[in-house]
Every structure is written in structure tokens, then in C-alpha cells.
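>>> I would like the atomic coordinates for the input below:
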Amino acid sequence: MLNTKFATWATLLLIGAMTLIGTPAQADWPEKPVRLIVPYSPGGGFDTFARLFAPELEKALGTDIIVDNIPGAGGRRGIETMMKSDADGYTIGMFNIPGMVIAGVTGKWPDVDLRDIAWVSNLTRSPYTLVLSASGGLTSADDLCALGRPAKLATTGAGSSSHTIAVILMESLGCAYTVVPGYKGSTETTLAVIRGEVDGMFASVDTARKFIESGDIRIGLTFSTTTLFDGVPTTTEIGQNRLSSLAQLRMIGAPPGTPSEILAKLDAAFQAAATSASIAEWSASTKRPVTYMDADSSARAINEQFDVMQSFASAFQ
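Model (predicted):
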């Protein structure tokens, strides 16, 4: 009996000691630089946001932020590097949503499940839109459906967000359509609409903004619950409310298993950066809004996009 009691007390003391040892390490975090992986090449939109946020994150966390560009395989190489890193908060990554959700739903990333990620926050949210030529006669999704032939929609290829969003909306509306792939980017797909090579395309508000301001395109629909452009219907208004969650997001995540205390510190730092004067000034001057979302809201946004896209998975093949 004495030995049993001694063993029990020894076990309890060991557990207590381990707890005391672990707690200060998290309390003192960070004690070294934090690596922010951008899974694309330098100079792009994701890289721009990472380097914009880095100085403000350094102020909030009191340590250096190292932006590490790891391009390859449509972003997979960088994300896999992050997911295999230690779950200690010193390696985090920036995620392209819905592009990476699409890769998961279509089976292109069979070993990567974004729902396992420890989400930190979201930096931007840009709803998708139906883009039509300003000089053509089409003004809405209804017009596309009433063409009397399959609507021709420009995309950058199967698996791209422009392709996926086109499939989801047209399948939801029950309209005949054909996708025209092969364009090299959003600028080329937009120019195809302007030149009349196709009837329309789908792009985020941020992507389409410069063409909206130039007057070369008109927006026929926004994937949103509230009106974004005067006279332009929303997906909610046309009876497709579940599609209103589809937007381009730039999310920050950490390896699965990252302690909640560290995630909370990271989230607070990103919130401080997102609301800083320097980033607010940049956002206003460039007309590129910053939309901060906390960890819980980011996780919900991911799950909503997964739910919508999985219900159309067979149409993506």
C-alpha cells in the first residue's frame, strides 16, 4: 500500500512539473523569428500582403518576421512545408482560398486536408462576380441563361477558381454553358469578355476592379448577401444564398496541433496589423480592402466553402 501511494504521488508530482515546465515556454513565446511561408513566387498579390503585414507584425510580436517564398505545384509545396513544420508557432503560412479548397475537393491534393490546419486569421475577403462586357447586350445571369445556346465562359483551366465558380453558378441555375479554358490569367479572361470572344467570366471584385473603373466591363451578379454595386443583384436575391460564401480569401494558418495560447498571440498580432494606420493608408490608396477575420470566423469560412464545393464535386470532373 505504501509503495502504491508513493507511486501515485510521484506520478502527480511529475505531471505537475511537466506542466510548470511547459507553461513558461508558451508564455515567453516568441523567443526567435517567425517564418511566414508564402506558397507563391515574389511579386504577386500574396507576397505583397505578406510583406505589407510583416513590419506591423514585428511591432506586435516583438520579433522578426521572415517572409519565405516557396512556390511550386500550385501552392502545395509551400503548404506541405508548413504542415510538416514543428507546431510551435514559429512557422505559419498564407493560404489561397478557394484555390486550395478546390484542390482538396477535386483530389489534386489527396494528402492535404485544410480542415486540419490550425487557423489563425484572415486578411482579405473579395466576393466573386459575374463579369460581362460593357458594350454587349448581356446584363445579368438571366441573360446568359436565355441565350438559346450554351453560354461561353472564359476560364484559366480546370481546377482554377474561374472555372469552379462558373460551374457552380451555372449548375445551380440549371443553365446550359460551356467553359473556354486556356487563358493564362485573369487579365486575359477579362480581355476575352471585352473583345466578345466569350459571353462572360467570373472573377473576384478586387480582380475586376480596374476594368470596372475603366468602364470596359459590367458586373451582372455578386456572390454576396448585400448589394455591392447599385442595380446589380446578389446571389441571395436570386435564390442562391448558399453561394454567397464564395469569395477569394487570404488566410493565415499554422501546423496542426499548434497550442491555443500561441494561436491567440498570433491572431492578436494580425488583428493589430490589420487595423494599423500604415495598412489602413495603403488600403485606401490602392483600393484593396483588408478584411480581418479571427480564427473561429476563418475556420467557419473554410467549412462553408468546402460544403458548397463538395456538393458540386462530380461536375468538376
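
>>> contacts, neighbours, all on C-alpha from now
OK.

>>> Disregarding residues adjacent in the polypeptide, which is nearest to L228?
Spatial nearest neighbour of L228, chain neighbours left out: T222 (7.2 Å); criterion: Cα to Cα, 6 or more residues apart in numbering.

>>> Low-confidence ranges, the stretch 201-317 of the chain, go.
For the stretch 201-317 of the chain, the stretches with pLDDT under 70 are 317.

>>> how about the helices of it, start to end?
Secondary structure of the stretch 201-317 of the chain by DSSP state H, counting those that start in this stretch: the helices cover 205-214, 260-274, 277-286, 295-310.

>>> Looking at those, which is nearest to I65?
Comparison of the helices of the stretch 201-317 of the chain against I65 by Cα to Cα identifies helix 260-274 as nearest, at 11.6 Å.

>>> Show me which positions of that closest one end up buried.
By 16 or more other Cα atoms under 10 Å, the buried positions in helix 260-274 come out as 262-263, 265-274.

>>> and which of those residues is nearest R125?
Lowest distance from R125 to the buried residues of helix 260-274 (Cα to Cα) belongs to A274, with 12.7 Å.

>>> Stretch 54-63: which residues count as buried?
Across stretch 54-63, burial judged by 16+ other Cα under 10 Å covers 54, 56-58, 60-61, 63.

>>> where does T236 fall, phi/psi-wise?
phi -60, psi -40 (degrees, to the nearest 10).

>>> Show the contacting residues for it.
Shown in contact with T236 (Cα atoms under 8 Å, 6 or more residues apart in numbering): 223-226, 242-244.

>>> Please indicate which of those are buried?
Buried among those (16+ other Cα under 10 Å): 223-225, 242-244.

>>> any chance of those in CSV, plus distance to A154?
Below are those laid out as CSV (distance: Cα to Cα, whole Å):
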residue, distance to A154
F223, 18
S224, 22
T225, 25
R242, 23
L243, 20
S244, 21
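
>>> how near is the nearest residue to N303 once chain neighbours are set aside to D230?
Nearest non-adjacent residue to N303, counting by Cα to Cα, 6+ apart: R115, 7.4 Å away. Using Cα to Cα, to the nearest Å, R115 is found at 36 Å from D230.

>>> Wait, the residue nearest to L228 touches V131, no?
No - judged on Cα atoms under 8 Å, T222 makes no contact with V131 at a distance of 9.3 Å.

>>> quick one: T236 from T124, how far?
To T124, T236 is 21 Å away according to Cα to Cα.

>>> likewise G137?
Note on G137: its distance to T124, by Cα to Cα, is 33 Å.

>>> Between those two, tell me which one has more neighbours.
T124 (19 against 10; other Cα atoms under 10 Å).

>>> which residues sit in contact with that one?
By Cα under 8 Å, 6+ apart, T124 lies in contact with 248-251, 289-292.

>>> that older thread, and for the residue nearest to N303, the neighbour number?
Neighbour tally, R115, other Cα under 10 Å: 14.

>>> Many thanks, we can stop here.
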